[in-house]
Every structure is written in C-alpha cells, then in structure tokens.
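Peer 1: Here is my input; please provide its structure:
(one chain, ligands or ions: 2)
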Amino acid sequence: IDVGSIPELDQKKYDADEHVKIICLGDSAVGKSKLMERFLMDEYRPQQLSTYALTLYKYTATVGNKMVAVDFWDTAGQERFQSMHPSYYHKAHACIMVFDVQRKITYKNLANWYKELREYRPEIPCCVVANKIDADLKVTQRSFNFGKKQGLPFYFVSAADGTNVVKMFRDMIKRAVDYKQNPSDFMDEVLQELENFDLEKGEDNSEADEDELKTDSPKLD
Ligand SMILES: Nc1nc2c(ncn2[C@@H]2O[C@H](COP(=O)(O)OP(=O)(O)OP(=O)(O)O)[C@@H](O)[C@H]2O)c(=O)[nH]1
Ligand SMILES: [Mg+2]
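Peer 2: Ligands and ions are numbered 1, 2, ... in the order given. Model (predicted):
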C-alpha cells in the first residue's frame, strides 16, 4: 500500500512536530471508550457496547507551540483480568488507568493492570482515573490511595457529564510529549536516538511510512 495515496494518514505525520501513543487500561465497562468519545467527539451515547479487539483514535493536539499527533489506543478490558497483547504496550508514551467508582472490584484490579503495565513500560507517565462520579457525587469525598505511593496523579471524572475529562487528557498528552522528549527508560533512549538518526538522514524517511502502516491496522489476538 502506498501510504501517500491516503491523504488523511499522510498529512498528520508530516505536519506534526511530535507523535505520541497513549494507552488506556482498566476492567470492562469502567468507561474507557466513553471517556475517549467524550474527549475526542465531545459526545456521549449512553448505550453499552463493549470494545471489540482494538480501536485506534487519531488526534492532533497543540502543546505549547507544537503540533502533536496523538494515537489513542482503546481495547477491551474483559471481565476477568487477562493479559494484554504486548503490542498494545509497545512504544506507548503514557497510560490512563480507569476504574468505576461504583464497582469496588474495578478499583482493586488496578493493581493487576499496573503490574502488567510496568513489566512492559517501567517508566512511562501514568495516572489513575475514577470515572462515573456523576452517579454519586459523594464519592469525591472518599480517598482512593492506589497509586499514591507511586506518585500517580489522580482524577475524579465523568464521561457522562464531562467533568475533568479535557483536563485529564490534556495533562496526559503533555506528559506523554515530555516523556518522549526525555525518556527515562534505557530502551526508549535508544529508540529516540534511532529516530533522530533517521530524521538526520534526510528525505528518505522510510521508517515513518512503515510506522503508519503498522498503526493503521494493528493486529491483536
Ligand atoms: N453514569 C455513568 N455511566 C458511564 C460513564 N462512563 C461510562 N458509563 C457507562 O458505562 C458503560 C461502559 O462504558 P464503556 O466506555 O463502554 O466501557 P469500557 O471501559 O470501554 O468497556 P470495555 O470496552 O468492555 O473494556 C456504558 O454503559 C456507559 O454508558 C459515566 O461517566 N457515568
Ligand atoms: Mg471499550
């Protein structure tokens, strides 16, 4: 496939100053997809439709005076905790971990999600998101300590009424960009070096095309 012949795919990559990948983790039905819809489309349709395999959303953000192409990866959380395919974590620059304030088990399971995340991505910025606060505003007085020890930022949000959604996503995009520019993980430093090297080579940036092709239709089990 000639990526250049698909205008939408072609443009973003080359217009953007930076390109980051942000993933979302959490049990089924905590509201991962609804949060993304709220942020990306400013829309919320209350029906229940579990994510099948993988949805990739492309978004262009402005951070400072830079254009940032953001790939949001959304996958199904599944009922019981199951391992995510490694390619889901591959080269992610930030992670949003979501639980449902009305279902304690989804909060308890954060520990599992976090453990798996850190096996693949030991250093990327991550946050904890308590969703569905519209259903019971009193929960915002409770404290949820998971992630405090690790210094993870915490947000009370609602995909249904939009509370804090834009703020949370904007913070995470910014942190993803910061991380990509100053990776604290050794492998990422190497990858960043390679990327810079590719750019310096000049016109023939074939790696970029491959990258688009891969993210265009990622294959997960
Ligand atoms: N009251 C309320 N309900 C919400 C909110 N966000 C999501 N929901 C509901 O929760 C259900 C699940 O939302 P989804 O976004 O599909 O959940 P998910 O985490 O993507 O689930 P999987 O794709 O199965 O992993 C839907 O019926 C939504 O309407 C919210 O902020 N408030
Ligand atoms: Mg979903």
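Peer 1: Summarise which helices and strands the longest helix seen in the chain is packed against.
Peer 2: Using DSSP state H, we find that the single longest helix of the chain is helix 165-181. Applying 3 or more CB pairs under 8 Å, 6 or more residues apart in numbering; DSSP states H and E, one finds that helix 165-181 contacts strand 18-25, helix 32-41, strand 54-63, strand 66-75, strand 94-100, strand 126-131, helix 186-200. All C-beta spots, glycine's among them, are computed from the backbone N, C-alpha and C.
Peer 1: For the third one, which outside residues touch it?
Peer 2: Where contact means CB atoms under 8 Å, 6 or more residues apart in numbering, the residues beyond strand 54-63 that reach it are 12, 15-16, 18, 33, 36, 40, 67-75, 88, 170, 173-174, 177, 215, 218, 220.
Peer 1: Just the buried ones from those, in ChimeraX syntax?
Peer 2: Per 16 or more other CB atoms under 10 Å, the buried members of these correspond to this ChimeraX selection:
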select :12,16,18,33,36,68,69,70,71,72,73,74,75,88,173,174,177,215,218
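Peer 1: Quick check: which ranges of the protein have low pLDDT?
Peer 2: Scanning the chain for pLDDT under 70 picks out 1-14, 46-49, 79-82, 198-221.
Peer 1: on that earlier part again, including distance to residue 107, could the helices and strands packed on helix 165-181 go into TSV?
Peer 2: Shown next, in TSV, are the helices and strands packed on helix 165-181 (distance: least, CB to CB, whole Å):
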stretch	distance to residue 107
strand 18-25	13
helix 32-41	15
strand 54-63	24
strand 66-75	20
strand 94-100	5
strand 126-131	8
helix 186-200	29
